[in-house]
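Undergrad: Sequence first, predicted coordinates after that:
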Amino acid sequence: MCFLFQRNERNPNKEAMTGTFVKRIMKSLCAAHEMRSSSSSLAKVKVGTDILSVAPNVSLQRARTWDQGVASNFLTTPLVDIFKDKKVVIFGIPGAFTGVCSEEHVPTYMDNADKFKAKGIDFVICVAINDPYTMNEWAEKLQGKDTIEFYGDFDGSFHRSLKLVTDLSNVLLGTRSERWSAYVVDGVIKALYVEEDPSFVTVSAAQTILEQI
């Protein structure tokens, strides 16, 4: 990426300050890009990966209210209960209540819930690095709990095990999930799509996965 800056002949001091500022910004952007590229290159999962093998002893947390969490003694759901002997479509989003996730990504799965069911899918799951109480409030706001299931990955252990995390500190989200989707049969990934840019929904939309089932 190249930038061209016009010399300011009238204020060389301002020019120097601007140049220094721009260099700092560009250095930060380059470092962020390299970090993201490095993280992507370490991706552990691919088609054929057994999730239960690469993420042993990992659990997710079903979306629920705080009172429901207390009543269940903060029970979690082991991955084996989600994937073993099941056909599952699962997609990860950077965060509950964020714009693209709420307005574009999740609706594609809600709108196609019947089509997934017709293809023999047991569960369609939305997961994010959020606590289950936030996921519950968000699911209710989207009116999505009757069509798909919502799970929290409160400490990011699920996404870290799969190397599907990204740094979104630039938008004040910190470490979050990549935007991705997968078709999983008995724990084995049959189709996997990870967005190059989590700001957009292209390959991770429901229509793409439907074509692979």
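TA: Arrived safely, thanks for sending.
Undergrad: Please make it C-alpha for all contacts and neighbour counts, starting now.
TA: Noted.
Undergrad: Pairing partners for residue 150 in the sheet, please.
TA: residue 126 (DSSP bridges).
Undergrad: quick one: it from residue 168, how far?
TA: As for residue 150, its distance to residue 168 is 21 Å (criterion: CA to CA, to the nearest Å).
Undergrad: Span of stretch 53-68 from start to end?
TA: 30 Å.
Undergrad: which parts of it are buried?
TA: Within stretch 53-68, the residues scored as buried using 16 or more other CA atoms under 10 Å are 55, 58-64.
Undergrad: quick one: which of residue 150 and residue 168 has more around it?
TA: residue 150 (24 against 17; other CA atoms under 10 Å).
Undergrad: mind listing the helices for this protein?
TA: Secondary structure of the chain (DSSP state H): helices located at 12-41, 51-54, 66-71, 79-83, 99-100, 106-111, 113-118, 132-142, 157-161, 206-210.
Undergrad: quick one: which of those has the weakest pLDDT on average?
TA: Considering the helices of the chain one by one, the lowest average pLDDT is found for helix 12-41, at a mean of 39.
Undergrad: Would you confirm that residue 194 contacts residue 181?
TA: Yes: under the criterion of CA atoms under 8 Å, residue 194 makes contact with residue 181 at 6.6 Å.
Undergrad: where do the contact lists of the two overlap?
TA: Both residue 194 and residue 181 are in contact with residue 204, where contact means CA atoms under 8 Å, 6 or more residues apart in numbering.
Undergrad: Compare neighbour counts for those two and give me the winner.
TA: Set residue 194 next to residue 181 and count neighbours by other CA under 10 Å: residue 181 wins out with 25 against 19.
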